[in-house]
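[1] okay, predicted coordinates and the sequence, questions at the end:
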Amino acid sequence: MPPQDARSLLERDGELAAVDAALDGLTAGPGRARGGLLAFAGSAGLGKTTLLAEVRRRAADRGCTVLAARGGDQEQQVAFHVARQLLQPRLAGASDADVRAELGGWYGIVGPALGLCTADGPPPDPQGLRDGLDWVLTRVAVHSAPVVLVLDDAHWADPQSLNWLAAFAPRADELALLLVVAYRPDELPAGAEAFRGLPGRSGHRPLGLEPLTATAVGRLVGDVLGTEADEAFRQECWAVTGGNPFEAVELTAKVRDRGLNPDQHSAPLLRDLAAAVKGRGLIARLERLGPSTTRLAWAAAVLGTESRLSLAAAVAGLGPEQAADCADRLREARVLAPAGPGRPGGSQAAPGAAVLEFVHPLIATAVYRAIPDAVRVALHGQAAWAVTDAGLGPTAAARHLLETHPEDDPWVVQQLRAAARETLRAGAPEAARTYLARALREPPPPGQRAAVLYELGCSSQLLEPAITVNHLRAALEEPIADPALRDGIVFRLSQSLAHSDRLSEAAEVVGQAARTATSARTRLRMQAEQFMWDAFRADEPDSPGRSRRLTRLADRLTGRDLTERYIIGLRAWDAVLRGEHTSTVLRHAGRALAGGLPWADEERGFEVPVLVALTYMYADRPGRAEELFATGIADFERQGWRGAHLSFGYLLLGYVRYRGGRLAEAEDLARQGLRLADRVGRGTPVQWYSVAVLVQILLARGRTGEAAALADAYDFREPFPAAVTFPDAQAVHGELLLALGRYDEAAAELAAVGARLDPRGMRNPAWCPWQLHLALAQSRRDRARARRTALDAVRRARRFGAASAIGHALRVAAEVVGGPEGLTLLAEAVTRLEASPARHELARARVAHGRALRASGAPEAAADVLRRGLEGALLSGADGLAAEARTELSRLSDEGVPACDPSATSAAAGDPHSASKAAATGTA
């Protein structure tokens, strides 16, 4: 929209002062520049666009890089319409090679959303795309600083762009980036409420624009009409416009064009003139220009912001010359903005390329709403054909097809499905879902209905898994001639059910498909899926039977394709759960990986590659586990999967490091995973995993209160998920209760874990050490029972064969047994753990061994072992354990035994986290 007359900036001194102050801070120079958000709110016609045009001018005068965009009433359904306006111009003229170099690893993620390239491969998740847009805007802010981003009519911005900018806005304070936004507060969409509440610079809420006073309107009238405009005339101009700057400017222009004398005798005519500026008066004025001109105005309103004359002519059914004449009449009537030199469509533009832009959005809205309903629907249908013929693509056509009535037209279905594919791969599943829902209403030809329902389910999966289930079940009820389509529907349905914590239904869906499959490879694929979902089920009715079937099948497969390798990988995981020897576990894991297990295969899921990586962790091969997780995380980031997938990657990598005793690193990774899980949503499976892992890490670091607070904040208690998790959520909760000294509750919780896992044959203490924690809880009341529980865990650990699991079990058994037998068990625990990668568990065993040696009357030996335990605790970041070791060493020192390095003791004094700091600085 062209800037209004500068006179409409009357009485905007406060707003302009805020702009100047913000620009002063932005251009303060290196090290002192400060960005932020400056928001203006006001109803239609109060001068928001004019104010923002002045912002752009002042920013450019100060040497700022200006990014500008405007929401459009007719473009709200076009995903990333605003983002493209902001960022595309900086890259659109570059070659593909230059764009790739500029965007780096984000090319395939943000390029399609910004219209810079076509989508290739699986779509990014919405959060991954937002992260990519964040990166691009941050890069612009850093390399082109200072930057002013101006967004006008934000209430009409597409939801994808608006939500992205609302989430990004708080970061502007950290950059040389000023966001200046204007919107109508009463029209801001519900999804943008977070944007409304964002604090601006210095914590101020959006600045509200007020109507002009009578004095300001009188001055505006005098500036246009001259000093002969008397006071009564000026007062009436203010009264009929209500101080609205747009209406006041338009009214004075009409008075001047009519040649009226600006005196009290003409004042009674002003109300009728003002009515012609908007509403029915505007429409009546438009209709007087003739049917062809009216039809061109309708076409421009349907096409939206900056529609080309050639397109509008095609929609209106006018020839080029006739359309140009009509456009001139609309400009003369101040319906369309002038097309002067330097403006799009001005004297230097080809006739068909002229841009039709309304003088004000109020006029565009009034014209659009005045189109008779049937005509408006027809014009949108014609617009869909016109933009398609112009080569603008199915997404440009789809927004018009949304406004048409269903007519059983295969072409409409084709365009909507193509648009959905484009927008889904560009990272806008909401828009894809809207297009496909409309395609269903067309409706599609009978043979395509299942495919449309399948595509609709895929577009809903990240947003509403339960809705996805309904669409996919409906798809399976349709006649399906393509076996590959049926297999895809079944797989996606089982995945959606599983991700909705409906694992039994997921397993049944693929189980039924396996029983009815006519192809051997399809049957094997469905069996693989059923084995996987059954393995995750907490309520699996025949886990030992499933394990036997899996073993028989996996042992005869060679791993010739991905399905076979998935089954072999599941066999490796099953061996972990059941505590088979590590040699068996590693043999099957190696077979599964021999031909590769992709982490980011959209048609397969990432569960099996994760399980195979974890088998190496439990089998004391953390280095190999880390390699696999690093590969998976890189694959997720490359695909833009930065929601649940990346969260799992980070938190489970943190779990690997926790198991290896690198607790500070583990905590950082787990917190990063939890932050990503929080973005996915509360109560989701990934959040359960994240909280469980972080609670265990905090307990290992001796921060029990913090672990309890985290559990409370996330309602980490019953009911627990219906899925088998790692670590087991209920077992971790029992461990937390034990650390809090709630022994009876812990015993009951942990006994329930055993009652759930033991009948299923899941008896590996390396995977779930519920017996060890239960033995500690039982020892408070029944040491004999606790002894039996602990020694059974030792037996199970020896069967598995991992040194870390054996050492852990021996340490706990020693604590329960006590006496000389306990001392012997502790000595073996230390020996075992020295041969394992579990350095935190080794430190725990050494501290316990040193304590037992001191109690047995061997103070010198105790001091040596305790010093080594303290060193291990410091290196592991186990601050609570380090404090225990220091206490024991202090007691030995009191007894006259030279026990510790004084620098290590002083390093930890008074700081609960200084043990790890001391290790990091070398003072220990």
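    Cool, the structure landed.
[2] where does the stretch 801-924 of the chain dip in pLDDT?
    Along the stretch 801-924 of the chain, segments meeting pLDDT under 70 span 899-924.
[3] that one: helices as residue ranges?
    For the stretch 801-924 of the chain, the helices defined by DSSP state H, counting those that start in this stretch occupy 803-817, 819-834, 839-855, 859-876, 879-894, 902-908, 914-921.
[4] now those as a markdown table including distance to L503 and mean neighbour count?
    Placement of C-beta: from N, CA and C, glycine included. Shown next, in a markdown table, are the helices of the stretch 801-924 of the chain (distance: least, Cβ to Cβ, whole Å; neighbours: other Cβ atoms under 10 Å):
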| stretch | distance to L503 | mean neighbour count |
| --- | --- | --- |
| helix 803-817 | 27 | 26 |
| helix 819-834 | 36 | 19 |
| helix 839-855 | 32 | 25 |
| helix 859-876 | 36 | 23 |
| helix 879-894 | 37 | 20 |
| helix 902-908 | 46 | 16 |
| helix 914-921 | 39 | 19 |
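[5] which among those is found nearest to I283?
    Set against I283 and scored by Cβ to Cβ, the helices of the stretch 801-924 of the chain come closest in helix 914-921, at 73.3 Å.
[6] returning to that earlier point: which one, of the helices of the stretch 801-924 of the chain, ends up nearest to P291?
    Comparing those by their distance to P291 (Cβ to Cβ), the top pick is helix 914-921, with 80.5 Å.
[7] which stretches of the stretch 301-450 of the chain have low pLDDT?
    Filtered on pLDDT under 70, the stretch 301-450 of the chain yields the residue ranges 306, 340-353.
[8] out of the helices of the stretch 801-924 of the chain, nearest to P211?
    helix 914-921 (60.7 Å).
[9] before we move on, back to that, can I get the helices of the stretch 801-924 of the chain in CSV including distance to R288?
    Conversion of the helices of the stretch 801-924 of the chain to CSV gives the following (distance: least, Cβ to Cβ, whole Å):
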stretch, distance to R288
helix 803-817, 88
helix 819-834, 93
helix 839-855, 85
helix 859-876, 84
helix 879-894, 83
helix 902-908, 88
helix 914-921, 81
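[10] so which of those helices gets nearest P159?
    Set against P159 and scored by Cβ to Cβ, those come closest in helix 914-921, at 44.4 Å.
[11] shaky segments in the chain?
    1-8, 191-204, 306, 340-353, 899-924.
[12] for A119, list the residues it contacts.
    By Cβ atoms under 8 Å, 6 or more residues apart in numbering, A119 lies in contact with G108, P112, E422, R425, A426.
[13] and the two most separated of those?
    Greatest spacing in the contacts of A119, by Cβ to Cβ: G108 and E422 (14.4 Å).
[14] quick one: contacts for the residue nearest the centre of the chain?
    For the chain, Q127 is the residue whose C-alpha lies nearest the centre (Cα atoms, centre = their mean; 2.2 Å). Going by Cβ under 8 Å, 6+ apart, Q127 touches R642, G643, L676, R679, V680.
[15] so the first one, which of the three states?
    Per DSSP: H, G, I helix; E, B strand; the rest coil, the local secondary structure of R642 is coil.
[16] spatially nearest residue to it, not counting backbone neighbours?
    Excluding the flanking residues, the one nearest R642 by Cβ to Cβ, 6 or more residues apart in numbering is G128, at 3.6 Å.
[17] and the one you found, what element?
    In the assignment (DSSP states H and E), G128 maps to helix 126-143.
[18] for that helix, list every residue counted as buried.
    For helix 126-143, burial by neighbour count (16 or more other Cβ atoms under 10 Å) applies to 126-138, 140-141.
[19] and which of those residues is nearest A431?
    Nearest to A431, judged by Cβ to Cβ, of the buried residues of helix 126-143 is P126 at 10.9 Å.
[20] from R433, how far off is the closest one?
    Counting by Cβ to Cβ, to the nearest Å, the gap from P126 to R433 is 12 Å.
[21] quick check: the gap between the residue nearest to P898 when sequence neighbours are not counted and G457.
    Leaving out its chain neighbours, the residue that sits closest to P898 by Cβ to Cβ, 6+ apart is A863, at 7.1 Å. For A863, the distance to G457 equals 66 Å [Cβ to Cβ].
[22] what about the strands in the protein?
    Listed in chain order, the strands of the chain (DSSP state E) span 36-41, 65-70, 147-152, 177-183, 207-208, 307-308, 355-356.
[23] these: which one's closest to I489?
    Closest to I489 of the strands of the chain, according to Cβ to Cβ: strand 65-70, at 39.3 Å.
[24] what lines up beside the closest one in the sheet?
    Using DSSP bridges, the strands paired with strand 65-70 are strand 147-152 (parallel).
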